[in-house]
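Peer 1: Just a sequence and a predicted model for now, questions to come.
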Amino acid sequence: MTRQAERAAAGGREPRGPAFLPTKLGAPRLPPGFVRRIRLTETLAVSRPSLLLIIAPPGFGKTSLLADWADVDSRRFAWVTIDVQDNDQAVLWQYIGAALGRTVDGGRRSSSFAGLAREADPAARAAAEIDADDEELVLVFDDYHLLESDDCHDTVMRFVELSPANVQVAVSTRADPPLPVARLRATGGLLELRARDLQFAPDESEELLNRSLRLSLDPGAIDILHERTEGWPAGLYLAYLSMRANADRRAFVETFGASNRHVIDYLTEQVLMALDPDTLRFMLATSIVDTISGPLADAITGESGSAPRLIELERANVFISPLDDRREWYRYHHLLRELLSIELDRRHPDRVPLLHQQAAVWFAENRLPDRAVRHAIAAGDLDLAARVISENYLNLLELGRTATLLGWLEQMPPDAIEADRRLGVVKAWTMHFLGRHDEGNAALAVAIAAPAATGPQPDGASSIDATAALIGAAFPGDDAGRMLASARRAFDLEGGRESPWRTTVHVLLGFALARCGRWDEAREPLRVGAELAMAAGMWMDAVGARSLLAWVELETGDPATAEHFARAAIDLGDANGLGPTATYAYARTILGLVLVRRGEAEGADAELSEALPVMRALGEPLGVAETLLPLSQARRMLGRRDEASLLLREAGAIIDGMRDPGILRETRRIVASARAPRFSDQVSQRELEVLQAMAAGSSKREAADKLFVSYNTVHSHVRSIYQKLDAHSLPEAVAKARRLGLIE
């Protein structure tokens, strides 16, 4: 079974993580009286571009057009509504995976998409999971302009380029996205709809104003409004809101603004002023959040009864749309929310921080840390922001969301981080996980000097001393001895108490002992760490412990058990979506080492080649050298001697520059002294006959009978063959001999 199939067979699971909102995965429902854009949906229904871009300012009906299209087209639609939290690639692909899992093959293969967020190349994985003979599929990204991350843009475009022809990607956005679409445009793989395409035609304006909204305007008035709004759908609708209570509608039409800018200026006063004071106050207060629910609105306004009020606003067509069938979550039309926000700042600037603070508290209590942090910072409540960050950073590190953590830290004032030990600790861990070790060490020094927060540390560490020891053991740089000392210190502080770090300190201690060559001592803490990790669902520690147990078994003479542990670690990482993490890459390093020792050069080369870039990015010299050495062996076994020499020299330079390389210096000596196969070491004719017989399936005794020689002679020939070909097993010797043209 392939690794991909094994992942699928492991069974799907709901996306996990504190910020997952299922309401982002559904198209909005079309309201009663909606003007269908038949001329546009017919075009979309027959088109099959790789990428559709719908680009227009607010209020041109981009989302409504997509929902209308999805309603009339026979294709399946997967929908992702983008918000600012999706600028973390791990978050974006969590939603994409959930959307595709619900849609592809009727949701029957949802498990195949469950781990996309943790894949090293989620776009390629997602594209590969969709069969060319599946039903046609449209993946929609609504509000794409909120996506600013270059990494996220790159992965979306990669999915567009790799997907089969039965998949189209549709993007709605206010501005041209930074996607390289020139080639698609030149080859006909791109369809673009812009504001001029989305403008209402005169008959659509008439249908909206007279048939749907029942204004009974004469044709001349329709023409004036159509001309002055330039067919802007939101402008027409906002004009309706302003004139519906106006007795002299024709006079209103005559004085209506002449451009979109004037329309906005005019409607800021006219539309909002038309609302009753209580409703306006409610809408102004709740405009500070992207999406609103009854309980959240209650928390923001300090009142009760918000849920039925939201339903009333929807029924009154006040630019608010439900996001789910239960009508629990709503969203104001983007343009209306912008107008409300401007008006809130103008009327009640002193209330804005308090409203953000109340929203932040509600989001924190409801385990939505992304939004809690954003609103806490907007409120100036840096203590609340620090508490939410420090209580959630371990979970986010486990999910691979270092980009989110970095974004939070960058939003905090630098002096706030220096003054708050909690934030200093988060920054130290985050920078180390990003491979920015100098910044991580500097942040830890600042945290040690910062005032301690009252009460226990939010991440469960007993003290800043324990945190320093944990970081020193997890990121030792080039000093195996320092790693062991730090691991022992962390174990003394956290290993004997009910601490969330108890599992980790067992694994770190075993890791440090292994790097120092103390194999028998390493086995027990790793065994305990593996058991604790599985019981607690700490998958990084579980993968790390198993891969390290594989190393211990390999070095103590049990390669079969070593391979069992190594493959178990990889399977566990696959099942829990740890693909792009350094922990998973190191597990591949260990599996590669095991395969090298077992003579499986091609498999070893594949694992180690995938692991090396991740280990380089992490920037830990010990880990890089530990990957380079077996990769050098694998390349030499494959006959790629020049590449092997370069890798060995690079590893040697790294090891020579280390403070304490642990067992690496001896490992390098062993690798360097192993002989590579040379053409001057020609295998004798009799040895070739023995090898040919055994390649055909004969045992040593059977080969001896066929060649009329003794069993001991065949045994000696086999040993000589292994030495001359630098092979460690019969399959490896046969493969090398065939590559050299010695046997068929």
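Peer 2: Yes, it's here.

Peer 1: got the CA coordinates for stretch 406-418 in CSV?
Peer 2: This file holds the C-alpha atoms of stretch 406-418, laid out as CSV (Å, rounded to 0.1, in the frame of the first residue of the first chain):
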residue,chain,number,x,y,z
LEU,A,406,4.9,35.4,14.1
GLY,A,407,2.0,37.6,12.9
TRP,A,408,0.7,38.0,16.5
LEU,A,409,4.1,38.9,17.8
GLU,A,410,4.7,41.4,15.0
GLN,A,411,1.4,43.1,15.9
MET,A,412,2.5,43.6,19.5
PRO,A,413,4.6,46.6,20.4
PRO,A,414,8.3,45.6,20.9
ASP,A,415,8.3,47.1,24.4
ALA,A,416,5.3,44.9,25.3
ILE,A,417,7.3,41.8,24.5
GLU,A,418,10.3,43.0,26.4
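
Peer 1: pLDDT (mean, whole number) over that stretch?
Peer 2: The average pLDDT for stretch 406-418 rounds to 89.

Peer 1: and it, which residues are buried?
Peer 2: 406, 407, 408, 409, 412, 416, 417, 418 (16 or more other C-beta atoms under 10 Å). Every residue, glycine included, has its C-beta placed from N, CA and C.

Peer 1: Check those and tell me the two furthest apart.
Peer 2: 407 and 418 (18.8 Å; C-beta to C-beta).

Peer 1: Quick check: residue 79 is in a helix.
Peer 2: No - counting by DSSP: H, G, I helix; E, B strand; the rest coil, residue 79 is not found in a helix; it is strand.

Peer 1: Report how many residues lie close to it.
Peer 2: Residue 79 has 22 neighbours, counted by other C-beta atoms under 10 Å.

Peer 1: going forward can the numbers begin at 36, since that is how I track them
Peer 2: New numbering, starting at 36: the last item is residue 114.

Peer 1: Okay, it and residue 154: tell me how far apart.
Peer 2: 21 Å (C-beta to C-beta, to the nearest Å).

Peer 1: try residue 398
Peer 2: Here the distance between residue 398 and residue 154 works out to 28 Å (C-beta to C-beta).

Peer 1: Could you do residue 560 as well?
Peer 2: Here the criterion is C-beta to C-beta. By it, residue 560 lies 31 Å from residue 154.

Peer 1: ok, back up a step: out of the buried residues of stretch 441-453, who's nearest residue 685?
Peer 2: Closest to residue 685 out of the buried residues of stretch 441-453 is residue 441 (29.4 Å), distances taken as C-beta to C-beta.

Peer 1: For the helix or strand harbouring the closest one, enumerate the helices and strands it packs against.
Peer 2: Following DSSP states H and E, one finds residue 441 within helix 437-446. Where contact means 3 or more C-beta pairs under 8 Å, 6 or more residues apart in numbering; DSSP states H and E, helix 437-446 is packed against helix 124-138, helix 404-414, helix 417-433, helix 456-468.

Peer 1: Recalculate using a threshold of 6 Å.
Peer 2: helix 417-433, helix 456-468 (3 or more C-beta pairs under 6 Å, 6 or more residues apart in numbering; DSSP states H and E).

Peer 1: Let me have the buried residues of stretch 441-453 in TSV, extended by distance to residue 512.
Peer 2: Formatted as TSV, the buried residues of stretch 441-453 follow (distance: C-beta to C-beta, whole Å):
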residue	distance to residue 512
441	21
442	26
443	26
444	22
447	27
451	28
452	23
453	24
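
Peer 1: and the residue lying closest to residue 571 once chain neighbours are set aside, what does it touch?
Peer 2: Counting by C-beta to C-beta, 6 or more residues apart in numbering, residue 571 lies nearest to residue 538, which is 6.0 Å off, once chain neighbours are set aside. Counting by C-beta atoms under 6 Å, 6 or more residues apart in numbering, residue 538 makes contact with 564, 567, 568, 571, 573, 576.

Peer 1: Next up, the contacts around the fifth one.
Peer 2: What it means is residue 573. Counted by C-beta under 6 Å, 6+ apart, residue 573 has contacts residue 538.

Peer 1: what number of residues lie near residue 108?
Peer 2: 16.

Peer 1: hang on, it packs against residue 78?
Peer 2: No - in this structure residue 108 lies outside contact range of residue 78 using C-beta atoms under 6 Å: 11.2 Å.

Peer 1: Quick check: the residue nearest to residue 265 when sequence neighbours are not counted vs residue 137, distance?
Peer 2: Spatial nearest neighbour of residue 265, excluding adjacent residues (C-beta to C-beta, 6+ apart): residue 234 at 6.3 Å. To residue 137, residue 234 is 33 Å away according to C-beta to C-beta.

Peer 1: How about residue 165?
Peer 2: 13 Å.

Peer 1: Looking at the two, which is more packed in?
Peer 2: The residue with more neighbours, out of residue 165 and residue 137, is residue 165; 23 against 17, by other C-beta under 10 Å.

Peer 1: mind checking pLDDT for that one?
Peer 2: According to the prediction, residue 165 has pLDDT 91.

Peer 1: Identify the residues contacting it.
Peer 2: 139, 202.

Peer 1: rerun that using 8 Å as the cut-off
Peer 2: Counting by C-beta atoms under 8 Å, 6 or more residues apart in numbering, residue 165 touches 135, 139, 172, 198, 199, 201, 202.

Peer 1: give me phi/psi at it?
Peer 2: phi -100, psi 120 (degrees, to the nearest 10).

Peer 1: got it, and the one 5 residues further on?
Peer 2: With angles defined as degrees, to the nearest 10, residue 170 sits at phi -60, psi 150.

Peer 1: In space, what's closest to it - neighbours in sequence excluded?
Peer 2: The nearest residue in space to residue 170 (C-beta to C-beta, 6+ apart) is residue 111, at 5.5 Å.
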